[in-house]
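Novice: I'd like to go over a predicted model; first the sequence, then the structure.
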Amino acid sequence: QLTATITVSDTGTCVCRRDDLLAALDQPVPDPGRPPVVDADELAAIVEAQRDNGRSVVFTNGCFDVLHRGHVRYLEQARTLGDLLVVAVNSDESVRRLKGADRPVNPVEDRAALLAALSCVDHVVVFEEDSPASLIKIVRPDVYVKGGDYPPEMVPEAPLVRRLGGQVRTLGYVPDRSTSQIIERIRTHGQEREIDPSMSSKPS
C-alpha cells in the first residue's frame, strides 16, 4: 500500500525506488559512498551523521569465527532494537588471545565480509584489543547488545555503556548452535575419515 501511494504521488509513469520506500518507512537509507566495513574514524563520522538525523545506534561485538544460524538470528534481533546496527569484530590476534592458538579458523577479512553481507548489519569495524571499550567510547551506543543467558549486569562493558547514556541488552543464543561445536564436528568428521579410508570415496 505504501509503495502504491508513493508511485501515484508523482505525475506520469513512475516507479517506487528502494530509497524512497525506506525513507517513507523512516528507515536509514544506505549511503553508496559508505562501505559496510569501515575503520574507527569512518565509523565515528557515520554515527555522528546518523545521530544528527535522529537515528539510534545499536552496537555489538564478537569473534564471529564461523558464521552460523545462531549468529544470524542474534544479529537480526539486535537490529530490531535501533536504526543502525554496528558490529565490531575481533582481529585475528585478538581471537588467538581469547580462544587459543588454533583460532580463528577464518581470517578477519573473511569474517568481516560475511558479516557485512548480512542485510541486518549496517557497518562492520575490526578492533585489535580484547575489549571493545575504545570503540564504545567512540560510538556511544544507544543500545549495547551481547549474546548469552545471563543478566546485563554481568556484561563487563555494562558500566561504561551506562555511563555514556546507553542501555545494555542480552539476547539468548539458538540452542545447540555454537562455533566451537561446529568446529569440533568438522574435526571429528576429519578424524573418522582418516581412520576409515573407505569414507573418502563418499560425497561430502
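Specialist: Perfect, I can see it now. Keep in mind the model is a prediction, meaning the values are calculated, not measured.

Novice: Can you name the residues bridging to the residue nearest the centre of the chain?
Specialist: Centroid-nearest residue in the chain, with Cα atoms, centre = their mean: residue 87, separated by 3.9 Å. Taking DSSP bridges as the rule, residue 87 bridges to residue 60, residue 124.

Novice: Would you check that it makes contact with residue 120?
Specialist: No - in terms of Cβ atoms under 8 Å, residue 87 does not count as a neighbour of residue 120; the distance is 9.4 Å. Where C-beta positions appear, they are placed from N, C-alpha and C, glycine not excepted.

Novice: okay, residue 60: pLDDT?
Specialist: Looking at residue 60, its pLDDT is 97.

Novice: Actually, residue 189.
Specialist: On the pLDDT scale, residue 189 gets 60.

Novice: Mind checking the pLDDT average for whatever helix or strand residue 110 lives in?
Specialist: Using DSSP states H and E, residue 110 falls within helix 108-116. Helix 108-116 comes out with an average pLDDT of 96.

Novice: quick one: low-confidence parts of this structure?
Specialist: 2, 6-7, 9-23, 26-34, 173-204 (pLDDT under 70).

Novice: Which parts of it are helices?
Specialist: 2-8, 18-24, 40-52, 69-79, 92-99, 108-116, 133-139, 158-163, 179-195 (DSSP state H).

Novice: quick revisit: what angle separates the helix holding residue 110 from helix 92-99?
Specialist: Orientation check (axes from the mean of the first three to the mean of the last three Cα atoms, to 10 degrees): helix 108-116 against helix 92-99 gives 90 degrees.

Novice: What helices and strands are in contact with helix 108-116?
Specialist: When contacts are defined as 3 or more Cβ pairs under 8 Å, 6 or more residues apart in numbering; DSSP states H and E, helix 108-116 packs onto strand 37-38, strand 84-90, strand 123-127.

Novice: between it and helix 69-79, how many degrees?
Specialist: Angle, helix 108-116 to helix 69-79, by the same axes, to 10 degrees: 60 degrees.

Novice: report the angle between the axes of helix 108-116 and strand 84-90?
Specialist: Using the same axes, to 10 degrees: helix 108-116 against strand 84-90 is 160 degrees.

Novice: Only the buried residues of helix 108-116, if you could.
Specialist: Across helix 108-116, burial judged by 16 or more other Cβ atoms under 10 Å covers 108, 111-112, 114-116.

Novice: do you know how far residue 53 is from residue 96?
Specialist: As for residue 53, its distance to residue 96 is 39 Å (criterion: Cβ to Cβ, to the nearest Å).

Novice: ok so, going back, can you give me how far the helix holding residue 110 is from the chain middle?
Specialist: Helix 108-116 sits 10 Å away from the centroid of its parent chain (Cα atoms, centre = their mean, to the nearest Å).
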